[in-house]
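# A structural model of the following input is requested.
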Amino acid sequence: MKLLMITRRVDQDDGLAGFTYNWIKKIAANLDKLYVICLEKGNDSGLPDNIRVYSLGKEKGKNRWQEFWQFQRLAVRLLPKVDGVFAHQNPEYGILIAPWAKIFRKKLIAWYTHKGVNWKLRLLNMLSDVMVTASKESFRLPSKKLIVMHHGIDSDIFYFKETINKEKLILLSVSRISPTKNIQLMIDLVRELRQKLSKPVLLKIVGAPSLAGDKIYLEELKKNVKSFNLEDSVEFVGSVSNVNTPKFYQEADIFLNFSKTGSLDKNVLEAMSCGTLVISSNVAFEDILNSLHPSLYIYDHKDMADKVIKAINESSGGLLLSLSQYIQHHQNLEVLSKEIVDLYKK
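Numbers count the residues shown, from 1 in each chain. I've put the predicted structure just below:
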């Protein structure tokens, strides 16, 4: 079988989109050939021979019209060669390819994971043959075409490694810097823990802002850290490539997720896969974390330090291993890739 995949960026060094590189490899493992059209391309070295990546040229400074016409040329050229089309995440890619998919009678499957519902998603839902998502919280538009699958975490990269830091407690956040991620709450937690614990506490914040408002938020966070004299307890790491994030998970004692998005954040699942203790107040993780241990999910942010200390005291090597095993059994990229390819056989 041969497929055409459309995605925003192919770059294994990218802090946000780097995971797509692994998706491409795993999906292609189930195919004879995988063609990929992306808006921009970075480091795509190391991909198997049955993968061919075509960029629309954003990384070379191409304008919107040049990108549009390059997309049209590639669509006409590649669609006769494939058995189906997989539009990944951005609705506009599925919308653009849909007319050509209809003309060449190719099955169009679109992946979407975001709580937002807009006209683009509604149009994509009309034009696609199948919609797929990671969880019910990640797709809020009622649709008879929807198939709820799961996230794809590459356990070959995000593998279990038990960590015990005796000298200090290392907390970790990996996400885009944004008010929706509730990072200030993590900084407040550090202040409380420093008063209650005898050993030092270090919060590592991995990620960067992308919007103008997010950049302002980052500066506010840094000012607050300085005003509370927490420079030695809070580290702003910045953007880290997807391939380099496992070591941050594996070196941390606790991964924090206080996101207000209500979506199943991929970074939490990556941390779990590495065997890092996860504490979250994100409603999307309520059932998952409560099924593993009642101290992992926090219903409110009162007495946060006490709740974190309680979770630490009640955790064990067995619990950390069970977090990793849950991901391997329920959120595995290799399994997801095969399930996506199998949809084209139905």
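# and the residue nearest the centre of the chain, how far is that from S316?
The centre of the chain sits closest to K266, judged by Cα atoms, centre = their mean, with a distance of 3.6 Å. Using Cβ to Cβ, to the nearest Å, K266 is found at 26 Å from S316. Heads up, the C-betas are built off the backbone N, CA and C, glycines and all.
# quick check: domain ranges of this protein?
As given by automatic domain parsing, the domain ranges for the chain are 2-152+333-343, 169-330.
# Check the separation of the first and last residues in the first one.
Yep, that's domain 2-152+333-343 we're talking about. End-to-end distance for domain 2-152+333-343: 13 Å, by Cα to Cα, to the nearest Å.
# go on, the last one?
Between the start and the finish of domain 169-330 there is a gap of 29 Å, counting by Cα to Cα.
# Report back the residue of the chain that's furthest from centre.
Farthest-from-centroid check, the chain (Cα atoms, centre = their mean): S198, 34.6 Å.
# contacting residues for that residue?
With contacts defined as Cβ atoms under 8 Å, 6 or more residues apart in numbering, S198 is in contact with no residue.
# And for G84?
1, 3-4, 106-109, 344.
# what pairs with it across the strands?
For G84, the beta-bridge partners are L3, K107 (DSSP bridges).
# How about the secondary structure of the residue nearest to the residue nearest to the centre of the chain when sequence neighbours are not counted?
The shortest distance from K266 to any non-neighbouring residue, by Cβ to Cβ, 6 or more residues apart in numbering, is to H151 (5.5 Å). At H151 the chain is in coil, as set by DSSP: H, G, I helix; E, B strand; the rest coil.
# Run through the residues that contact H151.
113, 134-135, 264, 266, 269, 331, 336.
# Which of the residues you listed scores worst on pLDDT?
Lowest pLDDT within the contacts of H151 is found at L264 (84).
# Distance of that one relative to N282?
The value you get for L264 to N282, if Cβ to Cβ is used, is 8 Å.
# ok so, going back, pipe the domains of the chain into a markdown table and attach distance to F160 per row.
Listed next are these as a markdown table, based on distance: least, Cβ to Cβ, whole Å:
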| stretch | distance to F160 |
| --- | --- |
| domain 2-152+333-343 | 15 |
| domain 169-330 | 4 |
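# Of the ones you listed, which is nearest K161?
The closest of the domains of the chain to K161 is domain 169-330. By Cβ to Cβ, the value is 4.3 Å.
# related to what we said a few turns ago, can you name the two of the contacts of G84 that are farthest apart?
M1 and L108 (15.1 Å).
# Of the two, give the one with the bigger neighbour count.
L108 (22 against 13; other Cβ atoms under 10 Å).
# list the contacts for that one?
With Cβ under 8 Å, 6+ apart, L108 has these contacts: 84-85, 87, 94, 97-98, 101, 127-130.
# Among those residues, which are located in strands?
Mapping the contacts of L108 onto strands (DSSP state E) picks out 84-85, 87, 130.
# can you map out the strands along this structure?
Counting by DSSP E, the strands of the chain are 2-10, 33-41, 51-55, 84-88, 107-111, 130-133, 146-148, 169-174, 201-206, 234-238, 254-257, 277-280.
# Tabulate the ones you listed (CSV), appending distance to V225 and mean pLDDT.
Shown next, in CSV, are the strands of the chain (distance: least, Cβ to Cβ, whole Å; pLDDT from 0 to 100):
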stretch, distance to V225, mean pLDDT
strand 2-10, 31, 98
strand 33-41, 33, 98
strand 51-55, 39, 98
strand 84-88, 36, 98
strand 107-111, 37, 98
strand 130-133, 36, 97
strand 146-148, 39, 97
strand 169-174, 13, 97
strand 201-206, 9, 98
strand 234-238, 5, 98
strand 254-257, 15, 97
strand 277-280, 20, 96
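# a markdown table for the ones you listed, including distance to I327?
Below are the strands of the chain laid out as a markdown table (distance: least, Cβ to Cβ, whole Å):
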| stretch | distance to I327 |
| --- | --- |
| strand 2-10 | 23 |
| strand 33-41 | 24 |
| strand 51-55 | 25 |
| strand 84-88 | 21 |
| strand 107-111 | 19 |
| strand 130-133 | 18 |
| strand 146-148 | 17 |
| strand 169-174 | 15 |
| strand 201-206 | 19 |
| strand 234-238 | 23 |
| strand 254-257 | 13 |
| strand 277-280 | 11 |
